[in-house]
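Chemist: I would like to see how this sequence folds:
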Amino acid sequence: MNRLTKITSTLPLLLSVLLMVTVSGCASTKTTSDAPNTTDKNGPVATTENVKTNQEDAQSGTRKKQLESDIRAREQRNDLGGDTEKRAEGDLANEVRSKLEANIPRGQLTVTAKKSDVTVSGTVKTQDELNKIEPLAMEIKGVNTVMVKAVVKP
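Modeler: Prediction:
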């Protein structure tokens, strides 16, 4: 009976401590009174400067290494799942898109995949970049054919 008395007397103390910790953790959260009154601000607008910055980022060696690493990670994850040549359409399109972004950073390219057939469309700055598209896409495991609908637009 003595233990039951100790437990019931310390329970309110434990609950009080728990409540104080919870309340102090929520002190920095915002409430609806802190929220903006209008929704007419849509955030930053894409400008020529933003696009140039993004392209410079894509051209950096670090970004290229990240993209190549992402491709390898997807391939390794897929290899663990069974057939090394079979890819989900979304994964295949993402891997090709990453490969092209890493090697043709100034291109404005979109990639779609249907089964193991990839279509690349958009624009590139030079004929040399256009010629790189098919061989780069074919480097990705699971790509059987590449249809290039991209054009040169300096």
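
Chemist: Partner strands of the strand or helix carrying Thr119, with direction?
Modeler: Here Thr119 sits within strand 117-124, counting by DSSP states H and E. Sheet pairing for strand 117-124, assigned by DSSP bridges, gives strand 108-114 (antiparallel), strand 145-152 (parallel).

Chemist: Give me whichever of those is most buried.
Modeler: Comparing the strands paired with strand 117-124 by mean neighbour count (mean count of other C-beta atoms under 10 Å), strand 108-114 comes out on top with a mean of 17. All C-beta spots, glycine's among them, are computed from the backbone N, C-alpha and C.

Chemist: Would you mind checking the average pLDDT for that one?
Modeler: Taken as a whole, strand 108-114 has a mean pLDDT of 92.

Chemist: again, but for stretch 90-97
Modeler: Stretch 90-97 comes out with an average pLDDT of 87.

Chemist: Can you list the buried residues in that stretch?
Modeler: Asp91, Leu92, Ala93, Asn94, Glu95, Val96, Arg97 (16 or more other C-beta atoms under 10 Å).

Chemist: between those, which is nearest Ala137?
Modeler: Closest approach to Ala137 among the buried residues of stretch 90-97 (C-beta to C-beta): Val96, at 4.8 Å.

Chemist: Residues contacting stretch 98-109, please?
Modeler: By C-beta atoms under 8 Å, 6 or more residues apart in numbering, the residues outside stretch 98-109 that reach it are 55, 58-59, 63-64, 67-68, 70-71, 97, 111, 120-125, 129, 132-133, 136-137, 139-140, 150.
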